[in-house]
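Trainee: With the sequence up front, the predicted model follows.
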Amino acid sequence: MDLSMKHEYLPEDLQVVSLGFWPTPFVARVKIALAEKGVQSEYKEEEDLKNKSSLLLQMNPIHKKVPVLIHNGKPLSESLIVVQYIDEVWQDGPPLLPSDPYLRSQAMFWADLKRYIYPVGWKVWTTKAEEQDAAKKEFLENTGLLEELKDKPFFGGENLGFVDVTLIPIYSWLPVYEKFANFSLVVERPKFIEWAKKCMEKESVSKSSRPAKAQ
């Protein structure tokens, strides 16, 4: 489906626009990638995902979800796809994915750990008793696996890479998980927290992140 059409909601002179909703970690991925590449863009916040904007519905009619990147009127959705697109299109900035095919495939594989990290983190926050204990155990196991993988400052080596960009947005939610499940990642997973703080030192990450809040 070709969605590269003119519409009344987006000025023609805007080349790069991203649509998002601030609590969503997947939106932060796109923000970080754009910042790392030095891409000038406009960010449009969805104020209410229960009452989605006409622009979002037009640009992502299948999933109707954020994030969406609109480049020269052409929309892209799904955060991993968008980050890969940004890396391939804007090559002046530092590469996020390795050029070596094998290393590239490995980065894509580990970036897909979102299915094991983010949903489990949600359970840590939203469940109680035995179900919460099981979720906490699984979350610590998964973050422990990530600790074993990393032997350099970043998963991308000496520089921020694709896996870092896809995983670091969860950092904003860690205090929420710790509060509701009564544990400390500094104690349980010090290397994981060390990596996260190293990422947060980068302006592209810190300016693209907002602390999560939960009652």
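Mentor: Great, that's in hand. Numbers count the residues shown, from 1 in each chain.
Trainee: Spatially central residue in this protein, please.
Mentor: R29 (3.1 Å; Cα atoms, centre = their mean).
Trainee: got a pLDDT number for that residue?
Mentor: Looking at R29, its pLDDT is 96.
Trainee: Select the longest helix from this structure.
Mentor: helix 129-149 (DSSP state H).
Trainee: so how far is the helix or strand of the chain with the lowest mean pLDDT off the chain centroid?
Mentor: For the chain, counting by mean pLDDT, DSSP states H and E, helix 114-126 ranks last in confidence among helices and strands (a mean of 87). Centroid displacement of helix 114-126 relative to its chain, using Cα atoms, centre = their mean, to the nearest Å, is 14 Å.
Trainee: Show me what it packs onto, helices and strands only.
Mentor: helix 129-149, helix 162-167, helix 174-181 (3 or more Cβ pairs under 8 Å, 6 or more residues apart in numbering; DSSP states H and E). Every C-beta, even on glycine, is put in place using the N, C-alpha and C of the backbone.
Trainee: Just name the most buried of the ones you listed.
Mentor: helix 162-167 (a mean of 26; mean count of other Cβ atoms under 10 Å).
Trainee: Give me the contact list for it.
Mentor: The contact list for helix 162-167, computed with Cβ atoms under 8 Å, 6 or more residues apart in numbering, reads 29, 32-33, 36, 79-80, 83-84, 87, 96-97, 107-108, 110-111, 113-114, 117, 146, 154-156, 195, 199.
Trainee: returning to what we had before: which of the helices and strands packed on helix 114-126 sits closest to V16?
Mentor: When those are compared by Cβ to Cβ, helix 162-167 sits nearest V16, at 17.0 Å.
Trainee: Alpha carbons only: can I get that closest one in CSV?
Mentor: C-alpha atoms of helix 162-167 as CSV (Å, rounded to 0.1, in the frame of the first residue of the first chain):
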residue,chain,number,x,y,z
PHE,A,162,21.5,-0.7,17.1
VAL,A,163,21.0,-2.9,20.1
ASP,A,164,21.7,0.0,22.5
VAL,A,165,19.2,2.2,20.8
THR,A,166,16.5,-0.4,20.9
LEU,A,167,17.0,-1.4,24.6
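Trainee: What's the mean pLDDT across that helix?
Mentor: 95.
Trainee: Could you tell me the end-to-end distance of stretch 37-48?
Mentor: This stretch, stretch 37-48, spans 29 Å end to end (Cα to Cα, to the nearest Å).
Trainee: Show me how far that stretch is from its chain's centre.
Mentor: Using Cα atoms, centre = their mean, the offset of stretch 37-48 from its chain centre is 14 Å.
Trainee: Tell me the buried residues in it?
Mentor: By neighbour count on 16 or more other Cβ atoms under 10 Å, the buried set for stretch 37-48 is 37, 39, 41, 43-44, 46.
Trainee: How about stretch 176-195?
Mentor: Result for stretch 176-195 [16+ other Cβ under 10 Å]: buried residues 176-178, 180-181, 183, 185, 189, 192-193, 195.
Trainee: This structure: strands as residue ranges?
Mentor: Using DSSP state E, the strands of the chain run over 16-20, 42-45, 68-71, 74-77.
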